[in-house]
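**Q** Dropping the sequence and predicted coords here.
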Amino acid sequence: MSDQEQDDAILRIVKLRSEAKKRRTLLESELTTAGQSLWEIGRSLKAISGPEFIGAAAAILPQIDKAPDICELNRIRTMLEELKKLEATLIQLKRSATDLGID
């Protein structure tokens, strides 16, 4: 591999890793937000079968209405699948970086 080809490969790996890390951070943030909202809704749902049943359903509906769209389970699944692929990509890029001597 020529010096120019090696430099191009290094630059490509650095850019790809940077983009993948940014996307991973965004996905983790969205999943954390969804998790917090779902936790709050779940905690309220537990009260439906408890002694505080009266008014519990009415209190949960506004929580569900204000929950972000990312709380939809198919969307969460899609984000988790993307996160899984990103992790595999980052592992491969780390190997490539190590092979090129930049890690």
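**A** Perfect, thanks for sending it. Please read these numbers as outputs of a predicted model, since none were measured by experiment. Residues are numbered from 1 along each chain as shown.
**Q** Going by C-alpha atoms from here, please, whenever you check contacts or count neighbours.
**A** Fine.
**Q** Figure out how far the lowest-mean-pLDDT helix or strand in the chain is from the centre of its chain.
**A** Here the helix or strand of the chain ranked lowest by mean pLDDT, DSSP states H and E is helix 56-66, holding a mean of 81. Centre-to-centre, helix 56-66 and its host chain are 25 Å apart (CA atoms, centre = their mean, to the nearest Å).
**Q** contacting residues around that helix?
**A** With contacts defined as CA atoms under 8 Å, 6 or more residues apart in numbering, helix 56-66 is touched by Ile41, Ser44, Leu45, Ala47, Ile48.
**Q** now the residues you listed in a markdown table, with secondary structure, pLDDT and neighbour count?
**A** A markdown table is the format used below for the contacts of helix 56-66 (DSSP: H, G, I helix; E, B strand; the rest coil; pLDDT from 0 to 100; neighbours: other CA atoms under 10 Å):
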| residue | secondary structure | pLDDT | neighbour count |
| --- | --- | --- | --- |
| Ile41 | helix | 88 | 18 |
| Ser44 | helix | 81 | 18 |
| Leu45 | helix | 82 | 16 |
| Ala47 | helix | 73 | 16 |
| Ile48 | helix | 78 | 15 |
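**Q** of those residues, closest to Ala34?
**A** In terms of CA to CA, no member of these lies closer to Ala34 than Ile41, at 10.5 Å.
**Q** Show me the shaky parts of this protein.
**A** Residue ranges of the chain with pLDDT under 70: 50-54.
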